[in-house]
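*Asks:* mind folding the following:
(chains A and B)
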Amino acid sequence: AQTVTQSQPEMSVQEAETVTLSCTYDTSESDYYLFWYKQPPSRQMILVIRQEAYKQQNATENRFSVNFQKAAKSFSLKISDSQLGDAAMYFCAYRSAGTGNQFYFGTGTSLTVIP
Amino acid sequence: NAGVTQTPKFQVLKTGQSMTLQCAQDMNHNSMYWYRQDPGMGLRLIYYSASEGTTDKGEVPNGYNVSRLNKREFSLRLESAAPSQTSVYFCASSVIPGPQETQYFGPGTRLLVL
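*Replies:* Numbering: from 1, shown residues only, chains lettered A, B, ... in the order given. Model (predicted):
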């Protein structure tokens, strides 16, 4: 089974600053999808950004961008101009392009935004 | 458009009791999923339904059953609850079961088994 590792259980950032959350994964597949989900205190999982492995260009969604390094199996999330509302647990997830449709989630990084 | 809704929000059970967690989506999605989230861990897939009338096991199906009642509703049943099933349960849906499809999550059900 694929594994997803988030080595930073907790991170903090000053409001308006930039923070990068790390994620690495282990797979022998060449085609797959990677995701970052945000889970605020309400506990609902919210999609932040998605990256297709076959795309070389890094995905960007407003203040959120990723640094996808396929050879290194690394998928970090950069949050620019951090806002108080960004405070949440962030989960990195992997999903195979083949059959099975199963997500593999990391253990999460708790992000605190300091006013 | 409520998205994905789950009931109840919170439940306490005694060991051996049964209960059904309800999930409904109003987005006309074909695929629905049940996950559990334990402390310090990411979500793990229990069961999923790629389309109405089909269900398949995920990573941790033991102790659970599911029913895809119709296109909108996907329920998760615990026949004989055990303390190891204390967790937060999330339902999700997506348009189709493809891996590139975004999953939309419900607010979760917090279950405590004593």
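*Asks:* and the residue of chain B nearest chain A?
*Replies:* Per C-beta to the nearest C-beta, residue B:42 is where chain B lies closest to chain A, at 2.6 Å. Placement of C-beta: from N, CA and C, glycine included.
*Asks:* so what strands line up beside the helix or strand of chain B with the lowest mean pLDDT?
*Replies:* The helix or strand of chain B with the poorest confidence is strand B:104-105; it has a mean of 88 (mean pLDDT, DSSP states H and E). The pairing partners recorded for strand B:104-105 under DSSP bridges are strand B:87-94 (antiparallel).
*Asks:* from the chain's centroid, how far away is the lowest-mean-pLDDT helix or strand in chain A?
*Replies:* Lowest by mean pLDDT, DSSP H and E among the helices and strands of chain A is strand A:103-105, with a mean of 84. In terms of C-alpha atoms, centre = their mean, to the nearest Å, the centre of strand A:103-105 is found 11 Å from the chain centre.
*Asks:* which secondary structure elements does that strand contact?
*Replies:* Contact analysis of strand A:103-105 by 3 or more C-beta pairs under 8 Å, 6 or more residues apart in numbering or on different chains; DSSP states H and E lists strand A:3-5, strand A:88-96, strand B:43-49 as its packing neighbours.
*Asks:* residues in chain A within reach of chain B, list them.
*Replies:* A:1, A:4, A:32-33, A:42-47, A:50, A:52, A:91, A:93, A:95-98, A:101-108 (C-beta under 8 Å from any C-beta of the partner chain).
*Asks:* at 7 Å instead, please
*Replies:* A:33, A:42-45, A:47, A:50, A:52, A:91, A:95-97, A:101-103, A:105-108 (C-beta under 7 Å from any C-beta of the partner chain).
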